[in-house]
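>>> Give the three-dimensional model of this entry:
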Amino acid sequence: MNLREIVKLLPARYRKRGVGVTVAVLIQALLNFVGLAALVPVLALLLDSQGANQHFVLSRMQDLTEITEANQFAVVVCLCVFCIIVIKNMLNVLLGEFQIKYVNSLYCYFSEKLYESYFRQGLLFVKQSNTTSLSHKINGVCYVFAQGILSRIFSMTGDAVLFLLIWGALLIYSLPLALLTFFCFVPAGILYYYIVKRNLVRYGKSENEVRHNQMRLVAETFRGYIDVRTSNAFALFYSRFKKNISQISFYRERTERILRIPNGIIECTVAGVMIMIVLLSREDAAMKFSLGIFAVAALRLLPVVRNLITGWAQLKNYAYAIDPIREMQRFAPTPSAPNDVTPIHFNQKLEVDAVTFVFMDHDGRTPLIENFSMTISKGERIGIKGASGVGKTTLFNLLLGFFAPQKGVITIDGIPLDDANLSQWHAIAAYVPQDVFIMDGTLAENVAFGCDSCGIDRERALTALRQASLLDFVDVLPDGMDTRVGENGCSLSGGQRQRVGIARALYKQAEVLFFDEATSSLDAQMEQEITNTIRELSSIYKERTIIMIAHRESSLDFCDRIIEM
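Down below sits the predicted model:
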């Protein structure tokens with residue numbers, strides 16, 4: 001990891017803003033130096049007043065007028081110093097907010113961009129990825145990159161500049177003091193760097209991997225609750241959970257231990273030097289003033305050097321966060337967002353011409369779909385049947401544009417289906433899978449999927465629910481169609497979930513309806529009821545095209561044609 005690489009990862013507009021933030025950081029360092037320098041006159045007054053008091057005790061002949069004038073001067077100096085420090089801190093707060101807003105906006109940018117980029121990679125990418133890992137990168141890793149790396153770099157830059165300003169002032173004031181300060185802080189930092197640099201990178205990567213595994217384990221525990229419970233598998237899951245927690249604790253303890261080391265070393269070194277100066281300057285006023293200067297500088301440099309060393313350590317520990325950001329840069333730019341699209345015109349036919357498709361990770365050499373052709377005219381009812389594994393769902397994914405054929409072409413009214421018009425095709429097509437996705441929201445939000453609750457056409461939603469034979473169910477709900485259905489539709493039965501999928505397609509007013517074994521997971525009675533609902537819809541909306549996959553030919557008896565794969 002290097003600074004040049006991190007800068008390249010930033011978008012152009014953020015690089016320009018980053019220059020302003022860097023200037024703000026430098027100004028903060030200068031303000032902190034001014035605040036420290038303002039304490040020197042107070043130190044001089046303190047040491048001078050101690051000498052004056054001793055002289056007064058010994059001679060008892062001090063002039064009261066001189067004392068009054070000296071006190072007035074001391075008061076003015078102290079008030080000025082206090083005002084300088086107050087103003088310095090107020091400006092630091094404003095400059096700090098500027099930096100925080102910049103870093104937070106970068107976090108939002110990368111998280112949003114990564115979220116969109118992953119979504120745009122398509123269904124194959126999602127199927128071949130671990131969704132928990134994607135979620136962890138989008139939410140956690142982007143935050144670490146912004147707050148743990150970028151923010152830390154700005155902070156370290158300010159601390160480094162402040163260190164150089166203080167050390168430069170000491171160099172001008174006293175070469176021995178400057179050299180003494182240098183040898184108090186720098187060797188400890190260099191030694192620390194060479195001792196722990198490899199461990200920090202290793203601990204950071206290992207902890208991140210374990211945290212990802214822990215997130216996946218928790219998600220799988222509750223997503224598969226019934227299977228975990230009935231298989232008595234919770235003991236195994238729990239033991240893995242405890243092991244992961246133990247490993248996270250182990251890596252965190254090692255990291256925190258490493259981060260605490262430099263503070264103790266530097267404090268001991270500074271304390272030893274100060275004790276040595278005190279012993280050598282007991283009767284020397286000039287040495288006492290030098291001791292005061294060194295003490296002020298050292299006490300201010302202690303947190304600065306500690307922040308530099310621990311900041312560097314955390315950069316090493318968080319180095320893993322750069323990989324997802326770098327990965328995002330490799331993703332090809334995607335077409336415009338799926339909203340605000342113009343529907344493609346489907347007036348004649350959908351053609352599949354000599355299409356061949358094989359999964360990239362397929363074990364065998366035989367394509368899943370090979371040289372397959374068919375034509376579907378607008379308004380037709382097409383049934384597709386075949387044994388499991390012959391590629392029926394894959395065909396749907398090809399027709400919907402989720403997969404791109406390796407050979408052949410799919411056209412709509414003669415226009416090839418590709419990434420450029422995919423969103424337009426989706427605007428007039430609806431898909432009801434075997435396992436309908438239900439989000440944790442209200443019934444109305446699940447029917448008008450993709451619409452804000454305030455933008456739902458309630459009359460249209462009620463019509464869709466009635467046509468999907470769900471109106472009786474809605475009537476018994478406590479809040480009607482505004483009743484929440486729970487995570488993944490846990491308050492709905494299997495048949496109700498399928499009907500919600502049908503209502504969703506009807507609300508969309510799609511011209512082409514894809515039913516992918518929408519009844520295969522239901523009992524015979526419910527399967528017959530759903531089939532009857534689809535049959536009724538086909539008679540009501542004769543202008544709509546229906547393509548349906550089913551195992552049983554009886555479920556396809558309303559179709560104009562049945563294609564066997």
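
>>> can you pull out the helices in the stretch 201-350 of the chain?
Assigned by DSSP state H, counting those that start in this stretch, the stretch 201-350 of the chain shows helices spanning 225-230, 234-280, 285-317, 322-330.

>>> Equivalent analysis for the stretch 401-550 of the chain, please.
Going by DSSP H, counting those that start in this stretch, the stretch 401-550 of the chain shows helices at 422-426, 443-447, 458-467, 471-476, 494-508, 524-540.

>>> average model confidence for the second one?
Averaged over helix 443-447, pLDDT sits at 89.

>>> Not counting its own residues, what contacts it?
With CB atoms under 8 Å, 6 or more residues apart in numbering as the test, helix 443-447 has contacts from 438-439, 451, 453, 456, 458, 461, 464-465, 474, 477, 480-483, 485, 489, 500, 503-504, 507. Heads up, the C-betas are built off the backbone N, CA and C, glycines and all.

>>> ok, now with 7 Å
438-439, 453, 456, 461, 464-465, 474, 481-483, 485, 500, 503-504, 507 (CB atoms under 7 Å, 6 or more residues apart in numbering).

>>> From the residues you listed, pick the one nearest Tyr194.
Among the contacts of helix 443-447, Met439 lies closest to Tyr194 (CB to CB), at 52.1 Å.

>>> re the thing from before, of all the helices of the stretch 201-350 of the chain, which one is nearest Gln406?
helix 322-330 (22.2 Å).

>>> I'd like to know which elements the closest one is packed against.
Applying 3 or more CB pairs under 7 Å, 6 or more residues apart in numbering; DSSP states H and E, one finds that helix 322-330 contacts helix 3-9, helix 64-120.

>>> got CSV for the ones you listed, with distance to Lys407, mean pLDDT and mean neighbour count too?
CSV is the format used below for the helices and strands packed on helix 322-330 (distance: least, CB to CB, whole Å; pLDDT from 0 to 100; neighbours: other CB atoms under 10 Å):
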stretch, distance to Lys407, mean pLDDT, mean neighbour count
helix 3-9, 38, 83, 12
helix 64-120, 24, 81, 15
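
>>> Turn those helices into CSV, columns for distance to Lys16.
Listed next are these as CSV, based on distance: least, CB to CB, whole Å:
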stretch, distance to Lys16
helix 3-9, 12
helix 64-120, 11
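
>>> so which of those gets nearest Ile376?
helix 64-120 (27.7 Å).

>>> tilt between the closest one and helix 322-330?
Helix 64-120 runs at 50 degrees relative to helix 322-330, counting by axes from the mean of the first three to the mean of the last three CA atoms, to 10 degrees.

>>> can you put the helices of the stretch 401-550 of the chain in JSON lines and add distance to Ser155?
JSON lines is the format used below for the helices of the stretch 401-550 of the chain (distance: least, CB to CB, whole Å):
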{"stretch": "helix 422-426", "distance to Ser155": "43"}
{"stretch": "helix 443-447", "distance to Ser155": "43"}
{"stretch": "helix 458-467", "distance to Ser155": "51"}
{"stretch": "helix 471-476", "distance to Ser155": "56"}
{"stretch": "helix 494-508", "distance to Ser155": "49"}
{"stretch": "helix 524-540", "distance to Ser155": "60"}
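
>>> Any chance of a markdown table for those, columns mean neighbour count?
Output for the helices of the stretch 401-550 of the chain, formatted as a markdown table (neighbours: other CB atoms under 10 Å):
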| stretch | mean neighbour count |
| --- | --- |
| helix 422-426 | 20 |
| helix 443-447 | 25 |
| helix 458-467 | 17 |
| helix 471-476 | 13 |
| helix 494-508 | 24 |
| helix 524-540 | 16 |
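
>>> Lowest average pLDDT across those?
helix 524-540 (a mean of 79).

>>> what distance separates that helix from the centre of its chain?
43 Å (CA atoms, centre = their mean, to the nearest Å).

>>> and it, what does it pack onto?
Right, helix 524-540 is packed against helix 494-508 by 3+ CB pairs under 7 Å, 6+ apart.

>>> was I right about Gly35 contacting Lys88?
Yes: with contact defined as CB atoms under 7 Å, Gly35 reaches Lys88; the gap is 4.3 Å.

>>> Below-threshold pLDDT in the stretch 201-350 of the chain: ranges please.
Filtered on pLDDT under 70, the stretch 201-350 of the chain yields the residue ranges 226-227, 230-231, 259, 262-267, 270, 273-274, 276-288, 332-343.
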